[in-house]
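**Q** this is a predicted model, with the sequence first.
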Amino acid sequence: MSEKIKQFVKEFLKENLPDVKVGDTVKVYQRIPASESAVKGKKQSDKDRVQIFEGIVVSIKHGRGIKGTLTVRKIISGIGVEKTFPFHTPTVDKIEIISRSKARRAKLYYLRERVGKKAKLKRKDYVPGQETLAQPEPKPAEPPAEPAVEAEKEPQPKPEEAKAKEKQPRPETEPKKRFSLRRKKNK
């Protein structure tokens, strides 16, 4: 991208997006304007409401940039529902990772045909709080290693001594008793 486009897009990008991966179970908090949420016969309010959509991340497309989207799938009353959310849209307040699952594919579209136990994914260990895409902190410089005392080191065997050790015969042990599946004949 050119520098002008990068500067223009930079103000719309969100910071501290969670490190969402395919197979994660997430809660997406989507803000819905009051005018859209009003229903006939109900009083219209000026407040926006937040709708939570919880499901499994089926796909992530177009990277994490301004065009990046994630598709979340959930089953409501036995019917599969998928929603696609742009990462940087102002209507998405936050994305919260609930659990991680093992996914061996980049897109989990095969879950559309699966029902019940077959649609489950294997769980992975997950520690909340490590989900933000943060830059790795620089490791502190390690103190210089102290010079080792030569007396503590074991002498390394010479190659000739190693060959001699390999040629030594193994100690004799009792032969293993073999179990026979054959029937013994009565005499």
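**A** Structure's in. What do you need? Numbers count the residues shown, from 1 in each chain.

**Q** what's the weakest-modelled helix or strand in this protein?
**A** Ranked by mean pLDDT, DSSP states H and E, the helix or strand of the chain with the weakest confidence is helix 159-167, at a mean of 63.

**Q** for the protein, which segments count as strands?
**A** Using DSSP state E, the strands found in the chain span residues 25-32, 49-61, 69-76, 79-86, 92-101, 123-124.

**Q** just put these in JSON lines and tack on distance to residue 3.
**A** Where you see a C-beta, it was placed from the backbone N, CA and C, and this is true even at glycine. Conversion of those to JSON lines gives the following (distance: least, CB to CB, whole Å):
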{"stretch": "strand 25-32", "distance to residue 3": "32"}
{"stretch": "strand 49-61", "distance to residue 3": "26"}
{"stretch": "strand 69-76", "distance to residue 3": "25"}
{"stretch": "strand 79-86", "distance to residue 3": "23"}
{"stretch": "strand 92-101", "distance to residue 3": "27"}
{"stretch": "strand 123-124", "distance to residue 3": "40"}
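
**Q** now do the contacts for the closest residue to residue 81 other than its chain neighbours.
**A** Distances taken as CB to CB, 6 or more residues apart in numbering place residue 74 nearest to residue 81, at 5.7 Å, with adjacent residues excluded. Listed by CB atoms under 8 Å, 6 or more residues apart in numbering, the contact set of residue 74 reads 53, 54, 55, 56, 80, 81.

**Q** again, only this time at 10 Å
**A** Neighbouring residues of residue 74 by CB atoms under 10 Å, 6 or more residues apart in numbering: 25, 53, 54, 55, 56, 80, 81, 82, 83.

**Q** now this structure, which segments are flagged as low pLDDT?
**A** For the chain, applying pLDDT under 70 flags the ranges 1, 36-45, 129-187.
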